[in-house]
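Student: Generate a structure from the sequence data that follows.
(one chain, ligands or ions: 1)
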Amino acid sequence: MEMSSKNLVVYLGGKKILNDLSLHIKNKEFVGIIGPNGSGKSTLLKALYRTLRPNSGTIYIDDKNIDDISLKETAKKIAVVAQHNDSDFDFSVIDMVLIGRTPHKKFMERDNPNDYKIALESLEKVGMTNFSDRSFNSLSGGEKQRVILARALAQETKCLILDEPTNHLDIKYQLQFMSIAKSLEITVISAIHDLNIAALYCDKIYAMKSGEIIDYGTPKEVLTKKLIKVLYEVDSEVNINKDTNTMNIVFKPFEIQ
Ligand SMILES: Nc1ncnc2c1ncn2[C@@H]1O[C@H](COP(=O)(O)OP(=O)(O)OP(=O)(O)O)[C@@H](O)[C@H]1O
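Tutor: Numbering: from 1, shown residues only. Below you'll find the model as predicted:
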């Protein structure tokens, strides 16, 4: 599934948060959105997954204007793992994952054995099978995040939007989470703070600052010492591991005056 935005403008609280933002994400591309706190990454993603309507500009899914696609159709195409996942209702873990099946069902249609099969397979993929009867609200932050990924997997979409998905996860589960997302071979759009994780998984990176895209390209093209300084005002060293050909970004301590 392809996704693009043309000249997106979003105002929040009277302030321009996205400024004429255009991007293009190809089918099956794994795209990272990086940028400092408050640069507009979540706002951009919310516009793409339609919880926020831009003031102007257009979003396309496979050349179709999203205004011409119903919300239910969009939910068949895009699954979301957002930052905060607390639930007001006391769902069990399996029920939380079954919510992912909703876009595929008619109004009030009950979950069938196939829905349960898909939900259990999804829990297995994230290593949470043993938690299926637990209360979702009783899980740790990282466990909740993995269940929300399982819910997104159960949705069986061609695109996954992730908003800093590995926030609560220890390093094993950060890598597992991103590897699962990568292994799906679908379009993935993810806001990412950890630049080494971005370098490891992304085909393409968009760098955002103050509501604008200031650079984009492959991790090696974008994640330079110079751009990291411009984005985050931090000094770094960018090395390539000769054995693995992977990038390694090392940050220098911040000078406190
Ligand atoms: N409802 C709102 N009213 C006013 N300003 C808002 C609102 N929601 C977000 N903002 C502001 O918009 C800006 C962009 O926020 P956004 O959450 O998109 O940034 P981000 O790049 O995802 O940041 P972070 O890395 O901290 O998660 C911030 O300055 C934020 O305070």
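Student: Can you classify K106 as helix, strand or coil?
Tutor: When states are read from DSSP: H, G, I helix; E, B strand; the rest coil, the local structure at K106 comes out as coil.
Student: ok, so what distance separates it from T157?
Tutor: With distances defined as C-beta to C-beta, to the nearest Å, the gap from K106 to T157 amounts to 18 Å. C-beta coordinates here come from the backbone N, C-alpha and C atoms, glycine included.
Student: Which strands or helices does the strand or helix carrying L162 pack on?
Tutor: Here L162 sits within strand 159-163, counting by DSSP states H and E. The helices and strands touching strand 159-163, judged by 3 or more C-beta pairs under 8 Å, 6 or more residues apart in numbering; DSSP states H and E, are helix 41-48, strand 78-81, strand 187-191.
Student: rewinding a little: more crowded one of K106 and T157?
Tutor: Just comparing K106 and T157: by other C-beta atoms under 10 Å the higher neighbour count belongs to T157, 22 against 6.
Student: Tell me if I'm right that that one and I186 touch.
Tutor: Yes. The pair T157 / I186 is scored as a contact, 7.0 Å apart, by C-beta atoms under 8 Å.
Student: shared neighbours, these two?
Tutor: Listed as contacting both T157 and I186 by C-beta atoms under 8 Å, 6 or more residues apart in numbering is no residue at all.
Student: what about the helices in this protein?
Tutor: Counting by DSSP state H, the segments of the chain that form helices are 41-48, 71-77, 93-98, 113-125, 141-154, 171-183, 195-201, 219-222, 225-232.
Student: D86 is nearest to which of the ones you listed?
Tutor: In this view, the helices of the chain are compared for proximity to D86 by C-beta to C-beta, and helix 141-154 is the closest at 7.9 Å.
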